[in-house]
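[1] The following comprises the amino acid sequence and a computationally predicted model.
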Amino acid sequence: MASPVEELFTVKAKIAAAECEAGRQAGAVTLVAVSKTFDAADIGPVIEAGQRIFGENRVQEAQAKWPALKQAFPGIELHLIGPLQSNKAKEAVALFDVIETVDREKIAAELAKEIARQGRSPGLYVQVNTGSEPQKAGIEPREAVAFVARCRTVHGLVIEGLMCIPPADENPGPHFALLEKLAREAGLEKLSMGMSGDYETAIAFGATSVRVGSAIFGSR
Ligand SMILES: *Cc1c(COP(=O)(O)O)cnc(C)c1O
């Protein structure tokens, strides 16, 4: 496998080609480079190559490596893409610039409390469990639009978009289409969908950001 920096440029070229193919505007899709399990020595060169937006799935792991990297490299935007426990809301609001995994009332309430307390407002996405998988985080599709509305009206949260992780063993297209439909119904513009194996498909279905890990950093 080529180096993470070479793979970064390959992924960026494929994103550009997929945008073009789908009739999307150049630059319409944001690349979130998923750096979970990789350390600062692996991530540094990718930042130096120009990548600024990264995803992590664990609050504690991100706390261990990102404060120093954020200090060393201005302009980093860090996304939380893993499940959020309500007792970690404080740390998550302090460290992350976007939290993509708002999926239940208790988390919405805790985030609202911490945003008010810290005066810091990360961008927020609601995660939808499009495959209704019992082991997977995310709100049920049939509850998603009402939940987005309650985030606004009950908790005063600004929700920017929806996020999903389709079931690993299914064709992702219908899941991406469902997320796009729910976002339209909820009046949301942003769609975080697509990973290393299916980001080009996600772009065809309207993804505005893709979360790509192993295709850049290698297998975990
Ligand atoms: C790990 C992870 C990714 C990246 O997965 P790859 O297949 O390595 O690209 C994307 N989204 C979430 C939520 C993840 O946990």
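    Received the coordinates, thanks. Numbers count the residues shown, from 1 in each chain.

[2] Any residues of the chain in contact with the ligand? List them.
    Residues of the chain lying close to the ligand (C-beta under 6 Å from any ligand atom) are 34, 36, 57, 81-82, 165, 195-197, 211-215. Backbone N, C-alpha and C define where each C-beta goes, glycine included.

[3] Mind jotting down where the strands sit in this structure?
    Taking DSSP state E to define them, one finds strands in the chain at 30-34, 53-56, 77-80, 98-102, 123-128, 159-164, 190-192, 209-212.

[4] could the ones you listed be laid out in CSV, adding mean pLDDT and distance to Ala108?
    Compiled in CSV, the strands of the chain are given as follows (pLDDT from 0 to 100; distance: least, C-beta to C-beta, whole Å):
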stretch, mean pLDDT, distance to Ala108
strand 30-34, 98, 22
strand 53-56, 98, 21
strand 77-80, 98, 14
strand 98-102, 98, 6
strand 123-128, 98, 9
strand 159-164, 98, 9
strand 190-192, 98, 17
strand 209-212, 98, 21
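
[5] Reformat the ones you listed as JSON lines; add distance to Leu182.
    Shown next, in JSON lines, are the strands of the chain (distance: least, C-beta to C-beta, whole Å):
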{"stretch": "strand 30-34", "distance to Leu182": "20"}
{"stretch": "strand 53-56", "distance to Leu182": "21"}
{"stretch": "strand 77-80", "distance to Leu182": "20"}
{"stretch": "strand 98-102", "distance to Leu182": "14"}
{"stretch": "strand 123-128", "distance to Leu182": "6"}
{"stretch": "strand 159-164", "distance to Leu182": "6"}
{"stretch": "strand 190-192", "distance to Leu182": "9"}
{"stretch": "strand 209-212", "distance to Leu182": "16"}
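
[6] of all those strands, which lies closest to Glu21?
    strand 209-212 (14.3 Å; C-beta to C-beta).

[7] Against which helices or strands is the closest one packed?
    Counting by 3 or more C-beta pairs under 8 Å, 6 or more residues apart in numbering; DSSP states H and E, the packing neighbours recorded for strand 209-212 are strand 30-34, strand 190-192, helix 199-204.

[8] so the biggest helix by length in the chain versus strand 30-34, what angle?
    In the chain, with assignment by DSSP state H, the single longest helix is helix 4-21. Here the directions of helix 4-21 and strand 30-34 differ by 150 degrees (axes from the mean of the first three to the mean of the last three C-alpha atoms, to 10 degrees).

[9] Output the helices and strands packed on strand 209-212 in a markdown table; the columns should cover mean neighbour count.
    Formatted as a markdown table, those follow (neighbours: other C-beta atoms under 10 Å):
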| stretch | mean neighbour count |
| --- | --- |
| strand 30-34 | 22 |
| strand 190-192 | 24 |
| helix 199-204 | 23 |
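
[10] Dump the ones you listed to CSV, plus distance to Arg120.
    Shown next, in CSV, are these (distance: least, C-beta to C-beta, whole Å):
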stretch, distance to Arg120
strand 30-34, 20
strand 190-192, 20
helix 199-204, 29
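
[11] right, and the ones you listed - which one's nearest Arg104?
    The closest of the helices and strands packed on strand 209-212 to Arg104 is strand 190-192. By C-beta to C-beta, the value is 17.8 Å.

[12] Identify the spatial nearest neighbour of Asp198, chain neighbours not counted.
    Counting by C-beta to C-beta, 6 or more residues apart in numbering, Asp198 lies nearest to Pro172, which is 4.6 Å off, once chain neighbours are set aside.
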